[in-house]
Each structure stands twice: as structure tokens, then as C-alpha cells.
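1. I would like to see how this sequence folds:
(one chain, ligands or ions: 1)
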Amino acid sequence: MSYQHIKIPESGDKIRIVDGKLQVSAQPILGFIEGDGIGPDITTACLRIWDAAVAKVYGDQRKVHWAELFLGEKAAGIYAGNYFPDETLAAIKELVVSIKGPLTTPVGGGFRSLNVSLRQTLDLYACVRPVKYYQGVPSPMKKPEEINAVIFRENTEDVYAGLEYKAGTPENKKLAKFLREELHAEFFEDAGLGIKPISEFASKRLVRKSIEYALENKLGSVTLVHKGNIMKYTEGAFRAWGYEVAAEKFGDVTITEAEVWEKHNGKAPAGKIIIKDRIADIMFQLMQLRPAEFEVLATMNLNGDYLSDALAASIGGMGIAPGANMSDEVAVFEATHGTAPKYANQNKVNPGSLMFSGAMMFDHIGWFEVGKAIEKAFETVVAKKVVTYDFARQIDGATEVSTSVFADHLIEAINRQ
Ligand code: NAP
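-> Residues are numbered from 1 along each chain as shown. Below you'll find the predicted structure:
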């Protein structure tokens, strides 16, 4: 495919998908989107860190060939005001694996959010957020090292579907009339109305993906998070469909928590993934009190949104929490924080969120050693209390450094490994 403004490096190879599996050469092309606000600062730093880690681990044997793609304000400057160019979407699909910085949503641009549009257009139905503690990172928890979980949040439906009707509008009145007269629903006269669709299709594909991840990574449990005690036919259905897909597609490698107690005296047979479920509000408590019991969490959209930010706070905050949005083919890794406009172009913020999303990306393409080198370097540098402003204000005696100097320290630590 030819592009107007995007240059695909001729030196590298495009990642392909064959029989559902990624085919990655030693010279893959990966897409990157700089992002807005603090995006350029953190992307510049991270590209240096990722390249240094790949060079350290693989020498001349492997190299990433980066293709810059454009979304957000940078795109608007290049594509005559278009924040969301079609060719960027085409390139994200063609390159299969990309990473992006945060994006500003243009006010009055016709988008609810560029990120939501990206997820919907490419059907990136799973938002994947690992929460893992790194030594030395300031945390409000007593034993943050016990947190090591991956959240799979459904990205396409729930109250994010945009089915909302403002009080007083003709649409709201029509819907209210239908609900009252046809379904005998009772609610206050001036209520705004929203609809929460939860489907079997979307629930099952999300839970399937979370179980596949647990299998690939040899993890012991997948927990379905829901509020099915109250919302029986949406959140309760998610729970039921989750157990169903586990039994239908993974019956030989999974076991329910109930079966573990009924038939195995509370101890899962070797090699089986335990499928369990927890009510959402209890889940927030449990992740503070007994986080070691949970490895993969499968959630609907809203619960996952709350849970991933709460857990990010417990392991050091949004500055270092990584994430990705994925379909079965395309994966877009991303910084999970926003554009933090007050810090734009100040070379100040923590590049950790984007950097660890990159580490996830290297795991995704099977280059596991790269992420390990980055994690080790991060712990080494943070142990010396050399940190960006966000950690400096929480660590006594810290040396506060800029984004680029923090990257310098990380690269030095990588090269010393
Ligand atoms: P934000 O950009 O995430 O910033 C909120 C606060 O989080 C910052 O003021 C800063 O805290 C802290 N923070 C964020 N990134 C950091 C980093 N790399 N290092 C250290 N601290 C960091 O949230 P927002 O101000 O609500 O949103 C700003 C814009 O971003 C909005 O236009 C929003 O739509 C957009 N947004 C984009 C994405 C995305 O692209 N994925 C996600 C969320 C929001 P302190 O003030 O305490 O220093």
C-alpha cells in the first residue's frame, strides 16, 4: 500500500499473521505515534531506551525499523486539519503492531475521543493493563510486591456505547414513555437515561482472550469481575458467559473455583487454570488486602476503567502504568495517562508508562529479553533514587532529573547489564 505522508522503512520487514500467529523477522517494522502534549518528550526518550535495550540484548542480530504514523495534533498539522487520517488507520492495520503516546481530543471535532474512535474503528476490543510492582517505586501499599496481575477490560460496549439520552429531549421522552408504558418501569420524571448493552459475543471474546493469555503465560487463575448481584442481565450475564466460554473452549485446561472446592479439597489439579468470579466492589478490597490471589482479571468496560486506575495507583501511579488495545490481529500499545498539557515540552514527566508499554510490545512479538532488560535497568536507576518529578515528590532524598536525563540513566544501566 502506498501512503501520502507515512514513510514505511524499506530496510525492515512487515509483521504478518499466519494461522493466527504473529510472524516476526529479526528486522521488524513497528509503527509509532508520538502523541500530543507530553507525547513528544516521552516518545523521544522511549525510542532511545527501546533501541538501546534491543542492541544490548541482540547485538547486530535484531533491530527495530520504526515507522512514524500520525494521529492527533501532529496529524492535523500534516493532513490539513484532519486529526484522524484514514491512512494512519490503514498503516496501523498493515503494520499489525504499533505504539502510541497520549492524544488530545479536539474540542468540537466531532469525536467523543480519538482513543475511543481508534478502538472502535479497528475493533480493538481488549484493553490489556498489567499491574506489577517494581522495587523502589513509591507505593501506598504495605506489600506492593504482592501485586502482579493483568486486567483484560472489554473495550467496545457497556455504558461506553454512547446510548445516552439527555433529560427533556424528545428522544429521552420517547424512551421514557416506552419504558413506563410498555415495560412498566418506574423512575423519576426528569431522569437522564442511559443504556448498558452487554452481549454474549463481546463478553465471550474478551474472556476467551484473557484465558488464552493465562495459558500462554502459564498463569494459575482468571477472575471474572462483575456486579451481577445487582445488574443480573448485563453484569450477571457477563459472568455466566465467561464461565460458559471457559467450559466450551478451554474445558480441558480450566476448572471452576467451585469444582476445586467440591472435588479437589481446595487445591487445583496441576496445569489447570482456575476460573473464578468476584463482585466488583469486593474486588477493589481484595486487590488491597490479598492481591497475590489474582493473576488475570476479566472485566467489562466501566469496572475495568475504575479498577485499572486504582491498581495503577497502588504500584506507583499513572506515570508508569502500561497498556495496550488489541483485536485478534492488531495491537496498539499506549501510554495509559493523558497528554498532561501543563507539562508539554518541558522535558519533565516520567516516560515509564510508554516505556513499559513498549516492554509489553516486545513481549507480544516474542522478544522477551528486551522487556526484562528495561525492567532491570528501571529498578537499578530507581534504587539510586534518580527519578522524575512525580516520584521525587514521594521519595525522601531523591535526585529529580528530566525525562531525557532519566532516559540517559536507564540506557547506561542497560549497557552495564
Ligand atoms: P493526564 O494527562 O493523564 O494528567 C493528569 C495528571 O497525571 C498530570 O497532571 C500529572 O499529575 C499526572 N501524569 C500524567 N502523565 C504523567 C507522566 N508521564 N509522568 C508523571 N505524571 C504524569 O490527564 P488529564 O489532565 O485529565 O487529561 C489531559 C488530556 O489528555 C485530555 O485532553 C484528555 O482527553 C487526554 N487523555 C488522553 C489519553 C490517551 O491518549 N490515552 C488518556 C487520558 C486523557 P500531577 O499534576 O500531579 O503532576
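2. hey, what's the residue sitting nearest the centre point of the chain bridged with?
-> Centroid-nearest residue in the chain: residue 323, 2.7 Å away (criterion: C-alpha atoms, centre = their mean). Applying DSSP bridges to residue 323 gives these bridge partners: residue 334.
3. my read: it touches residue 308, true?
-> Yes: judged on C-beta atoms under 8 Å, residue 323 makes contact with residue 308 at a distance of 7.5 Å. Yep, even glycine has a C-beta here, placed from its N, CA and C like the rest.
4. which residues are in contact with both of the two?
-> 127, 129, 336 (C-beta atoms under 8 Å, 6 or more residues apart in numbering).
5. Also near the ligand: which of these, exactly?
-> Among the shared contacts of residue 323 and residue 308, no residue sits close to the ligand (C-beta under 6 Å from any ligand atom).
6. Let me have those in CSV, extended by neighbour count.
-> CSV is the format used below for the shared contacts of residue 323 and residue 308 (neighbours: other C-beta atoms under 10 Å):
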residue, neighbour count
127, 25
129, 25
336, 21
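7. List the residues that contact residue 129.
-> If a contact means C-beta under 8 Å, 6+ apart, then residue 129 has 150, 151, 153, 304, 308, 311, 312, 321, 322, 323, 336 as its contacts.
8. switch the cut-off to 7 Å
-> Contact partners of residue 129, counting by C-beta atoms under 7 Å, 6 or more residues apart in numbering, are 151, 153, 308, 321, 323, 336.
9. picking that back up, contacting residues around the residue nearest to the centre of the chain?
-> Applying C-beta under 7 Å, 6+ apart to residue 323 gives the contacts 127, 128, 129, 334, 336, 357.
10. Name the member of these with the shortest distance to the ligand.
-> Lowest distance from the ligand to the contacts of residue 323 (C-beta to the nearest ligand atom) belongs to residue 334, with 5.6 Å.
11. Near the ligand, which residues of the protein are found?
-> With the criterion set to C-beta under 6 Å from any ligand atom, the chain comes near the ligand through 38, 102-105, 115, 318-319, 334, 337-341, 349-350, 353, 390.
12. From those, list the buried ones, please.
-> Buried by 16 or more other C-beta atoms under 10 Å: 38, 102-105, 115, 318-319, 334, 337-340, 349-350, 353, 390, out of the residues of the chain next to the ligand.
13. From residue 313, how far out is the residue nearest to residue 138 when sequence neighbours are not counted?
-> Using C-beta to C-beta, 6 or more residues apart in numbering and skipping residues adjacent in sequence, the residue nearest residue 138 is residue 394, 3.7 Å away. Between residue 394 and residue 313 the distance, using C-beta to C-beta, to the nearest Å, works out to 12 Å.
14. so how far is residue 288 from the residue of the chain most remote from its centre?
-> The outermost residue of the chain, judged by C-alpha distance from the chain's mean C-alpha position using C-alpha atoms, centre = their mean, is residue 181 at 42.2 Å. Look at residue 181 and residue 288: by C-beta to C-beta, they are 46 Å apart.
15. Could I get the contacting residues of the residue in the stretch 51-200 of the chain that the ligand sits nearest to?
-> Among the residues of the stretch 51-200 of the chain, residue 102 lies nearest to the ligand; the distance is 3.5 Å by C-beta to the nearest ligand atom. By C-beta under 7 Å, 6+ apart, residue 102 lies in contact with 35, 36, 37, 39, 335, 337, 338, 339.
16. Show only the entries of those residues found in strands.
-> residue 335 (DSSP state E).
17. Out of the contacts of residue 102, flag the one nearest to residue 277.
-> For the contacts of residue 102, the residue nearest residue 277 by C-beta to C-beta is residue 337; the value is 29.8 Å.
18. Spit out the contact partners of the closest one.
-> If a contact means C-beta under 7 Å, 6+ apart, then residue 337 has 102, 318, 319, 353 as its contacts.
19. Would you agree residue 28 is in contact with residue 13?
-> Yes: here residue 28 lies in contact with residue 13, judged by C-beta atoms under 7 Å, at a distance of 6.0 Å.
20. Mind telling me which residue of the protein is nearest the ligand?
-> Here the residue of the chain nearest the ligand is residue 338; by C-beta to the nearest ligand atom that distance is 2.4 Å.
21. nearest spatial neighbour of that residue, skipping sequence neighbours?
-> Nearest residue to residue 338, sequence neighbours excluded (C-beta to C-beta, 6+ apart): residue 102, at 5.0 Å.
22. just to revisit the earlier point, would you turn the contacts of residue 323 into TSV with distance to residue 77 and pLDDT?
-> TSV is the format used below for the contacts of residue 323 (distance: C-beta to C-beta, whole Å; pLDDT from 0 to 100):
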residue	distance to residue 77	pLDDT
127	28	97
128	31	97
129	31	96
334	21	96
336	25	90
357	24	98
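23. farthest pair in the residues you listed?
-> Pairwise distances across the contacts of residue 323 peak at 11.8 Å for 127 and 357 (criterion: C-beta to C-beta).
24. Spatially nearest residue to residue 51, not counting backbone neighbours?
-> Nearest to residue 51 is residue 64, by C-beta to C-beta, 6+ apart, at 6.8 Å.
25. unless I'm mixing things up, residue 319 is touching residue 390, no?
-> Yes: with the criterion set as C-beta under 7 Å, residue 319 and residue 390 qualify as a contacting pair; they are 4.6 Å apart.
26. so what sits against both of these two?
-> The contact sets of residue 319 and residue 390 overlap at residue 350 (C-beta under 7 Å, 6+ apart).
27. For residue 369, give me its contacts.
-> With contacts defined as C-beta under 7 Å, 6+ apart, residue 369 is in contact with residue 57.
28. Quick check: the gap between it and residue 249.
-> From residue 369 across to residue 249, the span is 31 Å (C-beta to C-beta).
29. Sweet, I'm off.
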